[in-house]
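Q: Just a sequence and a predicted model for now, questions to come.
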Amino acid sequence: MTVSLEVNNPPEGLARDLAAIEALNLPRKDALPLAASRKPRQTLLDYDFGELTAVVKELGFPAFRAKQIWGWLYQKFAADYGEMSNLPRPLLEKLAAKAPLAPLEVVVEKVAGDGQTRKVLFRLADGAEIESVLMLYPDRATVCVSTQAGCAMGCTFCATGQLGLFRNLQAGEIVQQVLHFERYLSTTEDEAAMGHKRVSNLVFMGMGEPLANYLNLWKAIRRFHDPDGLNMGARKMTVSTVGLVPMIRRFAEEDLPVNLAISLHAANDTLRGSMLPINHRFPIAELMQACRDYIEKSNRRVSFEYTLVDGQNDSPAAARELGRLLQGMLCHVNLIPMNPVPGSSQRGSTGERVKAFQAELTRFGIPNSVRFEKGRDIQAACGQLKVEKDAAELKRAAKQPQETL
Ligand code: SAH
Ligand code: SF4
């Protein structure tokens, strides 16, 4: 038998929803060629436990060897087959030939002044680049994970949106980002990381739209949740979406109570459509209905992300409109002053305007908090490091003497 990693063979309805999302193909400037169907080579971390066991057996070794390998990967965070000292060499050689265990290559790593935020730009095997961030708080160590290289959704205030979509990440590439920081935390002697031996929380708020890569997202989530994997509680994970309604409805049906965050950013269709092109496809009324159904089904609150862009969506009137939209809903609003994006003239709201916005929202009884992004000095909003690096490379290339024909 040959084990196929064509994950997933999705049921018909899901396949249809996924095809519809891929077909959205929103207009965007300077986009990389849309290559969402490109598939990089499989790696060991793409296997779930059942698949790994099948491969080990197929190679002629007993099933318990899969359990040993699993322990090396997810309890000891091995970065190389060579570390798996209690496994037979022929098995490791055969497995390595079939599915390499290549950790992600670090291109740039930036640490914020206080040492509490660590942002990494990774290069994948096919040259695609993605970003992840580790944020240390007194009570938790949170990793912000990317689910796509780039993003097709084209939100105007987002650095990743400027890139366009390169491709979906494989489940193993999502898992690798977290393993990178698990390795760092379990071995570092940095003072800032003291007391944090493990990654405790995950937010799927890095590059890309998680619900557009639904199957690999869930394959990774199950790995993080698996008691023999990273053993992370479902409630410690938060998936953020721009509002892909059919996938939100699927999300509500999943068996693990992973938190859901919705990127709302505006309370009327005209304004939201001007900031988030996807709103033309899934307008606010449809999105809100999906959220209400999700709350009713799951009995869990929804988080709404509201990025405050100076002079655009941050007026007291906009706050009142948001208050009216969300009144009575089991929810929480995160207000996030926009992080500056290279090449964009849009700016985050001033402290005063943030306060005034928050006060209006509070008058409507909407639970809320202001989240200042950690690590502004290292371009912590995802996509910024990549956009900045690309811009620097272009500049350098422009300075190269041109060859004359
Ligand atoms: N695609 C998903 C998840 C990744 S973006 C989504 O849109 O929800 C994660 C969050 O960062 C979203 O709420 C997004 O709107 C927000 N965001 C993007 N660019 C930002 C910026 N420049 N400043 C502040 N927040 C930003
Ligand atoms: Fe994509 Fe989210 Fe950025 Fe919009 S905000 S472009 S959905 S990553």
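A: Received, thanks. Numbering: from 1, shown residues only. Ligands and ions are numbered 1, 2, ... in the order given.
Q: what bridges to Glu129?
A: Arg123 (DSSP bridges).
Q: State the mean pLDDT of the helix or strand hosting Thr142.
A: Using DSSP states H and E, Thr142 falls within strand 140-144. Here strand 140-144 scores 96 as its mean pLDDT.
Q: going forward can the numbers begin at 558, since that is how I track them
A: Understood, numbering begins at 558; the last thing we discussed is strand 697-701.
Q: for that strand, packing partners?
A: strand 686-694, helix 728-744, strand 758-761 (3 or more CB pairs under 8 Å, 6 or more residues apart in numbering; DSSP states H and E). Quick note: C-beta positions are derived from backbone N, CA and C, even for glycine.
Q: helices or strands next to the helix or strand following it in the packing?
A: Downstream of strand 697-701, the first helix or strand assigned by DSSP H and E is strand 705-707. Packing partners of strand 705-707 (3+ CB pairs under 8 Å, 6+ apart): strand 722-725.
Q: Any stretches of the stretch 608-757 of the chain with poor pLDDT?
A: Scanning the stretch 608-757 of the chain with the threshold set as pLDDT under 70 gives 670.
Q: Spell out which parts of it neighbour ligand 1.
A: Phe714, Cys715 (CB under 6 Å from any ligand atom).
Q: Would it be right to say that Gln599 lies in a strand?
A: No: assessed with DSSP: H, G, I helix; E, B strand; the rest coil, Gln599 is coil; it does not lie in a strand.
Q: Is it in contact with Ala656, as I believe?
A: Yes: the criterion here is CB atoms under 8 Å, and Gln599 meets it with Ala656 at 5.5 Å.
Q: mind listing what's buried in stretch 646-655?
A: Across stretch 646-655, burial judged by 16 or more other CB atoms under 10 Å covers Leu648, Leu649, Lys651, Leu652.
Q: Redo the residues you listed as CSV? Include distance to Ala769 and secondary structure.
A: Shown next, in CSV, are the buried residues of stretch 646-655 (distance: CB to CB, whole Å; DSSP: H, G, I helix; E, B strand; the rest coil):
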residue, distance to Ala769, secondary structure
Leu648, 37, helix
Leu649, 35, helix
Lys651, 35, helix
Leu652, 31, helix
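Q: of all those, which two lie farthest apart?
A: The span of the buried residues of stretch 646-655, defined through CB to CB, is set by Leu649 and Lys651 at 7.5 Å.
Q: hang on, the earlier thing: list the contacts of the strand holding Thr699.
A: Residues outside strand 697-701 that contact it (CB atoms under 8 Å, 6 or more residues apart in numbering): 689-692, 734-735, 738, 742, 750, 753, 755-760, 762-763, 939.
Q: One more: stretch 840-851?
A: Defining contact as CB under 8 Å, 6+ apart, one finds that stretch 840-851 is touched by 800, 802, 805-806, 808-809, 817, 819, 821, 824-826, 829-830, 857, 859, 882, 886, 888.
Q: What of stretch 818-835?
A: So stretch 818-835 is contacted by 581, 583-585, 710-714, 760, 762, 795-801, 805, 836-837, 840-841, 844, 848, 859-864, 866, 869-870, 875, 878-879, 881-882, 891 (CB under 8 Å, 6+ apart).
Q: Among the residues you listed, which are located in strands?
A: Of the contacts of stretch 818-835, the ones assigned to strands by DSSP state E are Val760, Thr795, Val796, Ser797, Thr798, Val859, Ser860, Phe861, Glu862, Tyr863, Thr864, Asn891.
Q: what's around the first one, how many residues?
A: Around Val760 there are 18 other residues, counting by other CB atoms under 10 Å.
Q: go on, the second one?
A: Residue neighbour count, defined by other CB under 10 Å, stands at 18 for Thr795.
Q: where's Leu774, which helix or strand?
A: Assigned by DSSP H and E, Leu774 belongs to helix 771-782.
Q: what helices or strands is that helix leaning on?
A: Applying 3+ CB pairs under 8 Å, 6+ apart, one finds that helix 771-782 contacts helix 569-579, helix 728-744, strand 794-798.
Q: same thing but 10 Å
A: Helix 771-782 is packed against helix 569-579, helix 606-615, helix 621-631, strand 722-725, helix 728-744, strand 758-761, strand 794-798, helix 802-810, with contacts defined by 3 or more CB pairs under 10 Å, 6 or more residues apart in numbering; DSSP states H and E.
Q: Many thanks, I have nothing further to ask.
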